[in-house]
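Engineer: Got a sequence here, can you build the structure:
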Amino acid sequence: MALIIPDEWLAEAGLNEIEIRIEIACRLFDSGRLSFAQSIRWSGLNRVDFEEALLARCLPVVRPNLNTLLEDAETLGRLRASPCRS
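Structural biologist: You can find the predicted model right below:
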């Protein structure tokens with residue numbers, strides 16, 4: 001299915017085709033509808049530029065959840081126990 005947005009609508013919003021792709025990708029990522037990788041693909045940007053687009057919209061780059069918090073705590077525990085720690 002192709003989505004066609006009339007040029008007049010883009011003009012009303014003050015956006016061009018590239019800008020609307022980025023805007024849609026950022027908003028769908030923020031709402032949890034697209035993963036980070038999917039959002040990058042939709043936007044047509046590279047990772048760093050997509051992160052900058054999110055930050056420019058005051059949107060978080062990372063959406064931590066309980067699982068990521070537990071994984072981070074486990075990693076921190078392993079790092080603290082590492083004999084190579086200085």
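Engineer: any low-confidence regions in the protein?
Structural biologist: 85-86 (pLDDT under 70).
Engineer: Dead centre of this structure: give me the residue that sits there.
Structural biologist: Taking Cα atoms, centre = their mean, the centroid of the chain lies closest to Phe36, which sits 4.6 Å from it.
Engineer: From Ala25, how far out is it?
Structural biologist: 10 Å (Cβ to Cβ, to the nearest Å). The C-beta positions use only the backbone N, C-alpha and C, and glycine is treated the same way.
Engineer: Quick check: neighbours shared by those two?
Structural biologist: Counting by Cβ atoms under 8 Å, 6 or more residues apart in numbering, the shared contacts of Phe36 and Ala25 are Phe50.
Engineer: re the thing from before, now the residue nearest to the centre of the chain, nearest residue through space, not along the chain?
Structural biologist: Phe29 (6.5 Å; Cβ to Cβ, 6 or more residues apart in numbering).
Engineer: On the three-state scheme, Phe50 is what?
Structural biologist: Assigned with DSSP: H, G, I helix; E, B strand; the rest coil, Phe50 falls in the helix class.
Engineer: And the longest helix seen in the chain, what's buried?
Structural biologist: When the chain is parsed with DSSP state H, its longest helix is helix 66-81. For helix 66-81, a neighbour-count test (16 or more other Cβ atoms under 10 Å) marks nothing as buried.
Engineer: With stretch 27-38 instead?
Structural biologist: In stretch 27-38, counting by 16+ other Cβ under 10 Å, buried: 28-30, 34.
Engineer: Just the CA trace of stretch 75-86, in PDB.
Structural biologist: Only the C-alpha atoms of stretch 75-86 are listed here, as PDB (Å, rounded to 0.1, in the frame of the first residue of the first chain):
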ATOM      1  CA  THR A  75      26.300  -6.100  33.800                       C
ATOM      2  CA  LEU A  76      27.200  -3.600  36.500                       C
ATOM      3  CA  GLY A  77      27.600  -6.400  39.000                       C
ATOM      4  CA  ARG A  78      29.800  -8.400  36.600                       C
ATOM      5  CA  LEU A  79      32.000  -5.300  35.900                       C
ATOM      6  CA  ARG A  80      32.400  -4.600  39.600                       C
ATOM      7  CA  ALA A  81      33.500  -8.200  40.300                       C
ATOM      8  CA  SER A  82      35.900  -8.200  37.400                       C
ATOM      9  CA  PRO A  83      39.600  -8.700  38.400                       C
ATOM     10  CA  CYS A  84      40.600  -6.300  35.700                       C
ATOM     11  CA  ARG A  85      38.900  -3.400  37.300                       C
ATOM     12  CA  SER A  86      41.200  -0.500  38.300                       C
END
